[in-house]
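*Asks:* What follows is a protein structure lacking sequence information:
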């Protein structure tokens with residue numbers, strides 16, 4: 001999985017599991033009991049809810065350069081639609 005993740009210990013002693021979004025590099029909580037993003041297992045990435053909602057119709061080429069390199073490094077196909085946008089496996 002190509003995600004950066006870490007735990008943050010809160011004042012009450014509980015922990016938050018945080019993940020960096022693969023597309024925007026923003027941080028979001030990803031468990032326990034709260035999931036502010038999606039894991040796209042087929043690609044091996046985690047994406048925040050905001051980015052995930054914006055890519056329902058695919059990933060625009062100008063946003064996907066790093067993702068294309070990531071897929072190529074993993075030997076995964078970069079499937080595109082007629083517009084040239086990356087199709088997101090759902």
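*Replies:* Ah, there it is. Not measured: the values here are computed from a predicted model.

*Asks:* Low-confidence ranges, this structure, go.
*Replies:* Flagging of the chain using pLDDT under 70 yields the residue ranges 1-3, 6.

*Asks:* any idea how far the residue nearest to the spatial centre of it is from residue 28?
*Replies:* Residue closest to the average C-alpha location in the chain (CA atoms, centre = their mean): residue 47, at 2.3 Å. Distance, residue 47 to residue 28, using CB to CB, to the nearest Å: 9 Å. The C-beta positions use only the backbone N, C-alpha and C, and glycine is treated the same way.

*Asks:* shared neighbours of the two, anything?
*Replies:* 21, 37 (CB atoms under 8 Å, 6 or more residues apart in numbering).

*Asks:* Helices along this structure, start to end?
*Replies:* Secondary structure of the chain by DSSP state H: the helices cover 49-54, 65-73.

*Asks:* Turn these into a markdown table, including mean neighbour count.
*Replies:* Converted to a markdown table, those look like this (neighbours: other CB atoms under 10 Å):
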| stretch | mean neighbour count |
| --- | --- |
| helix 49-54 | 15 |
| helix 65-73 | 14 |
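
*Asks:* could those go into JSON lines alongside distance to residue 14?
*Replies:* Shown next, in JSON lines, are those (distance: least, CB to CB, whole Å):
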{"stretch": "helix 49-54", "distance to residue 14": "22"}
{"stretch": "helix 65-73", "distance to residue 14": "32"}
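
*Asks:* With residue 24 as the reference, name the closest of the ones you listed.
*Replies:* Closest approach to residue 24 among the helices of the chain (CB to CB): helix 49-54, 5.4 Å.

*Asks:* wait, doesn't residue 46 sit right on residue 38?
*Replies:* Yes - counting by CB atoms under 8 Å, residue 46 does reach residue 38; the two are 7.1 Å apart.
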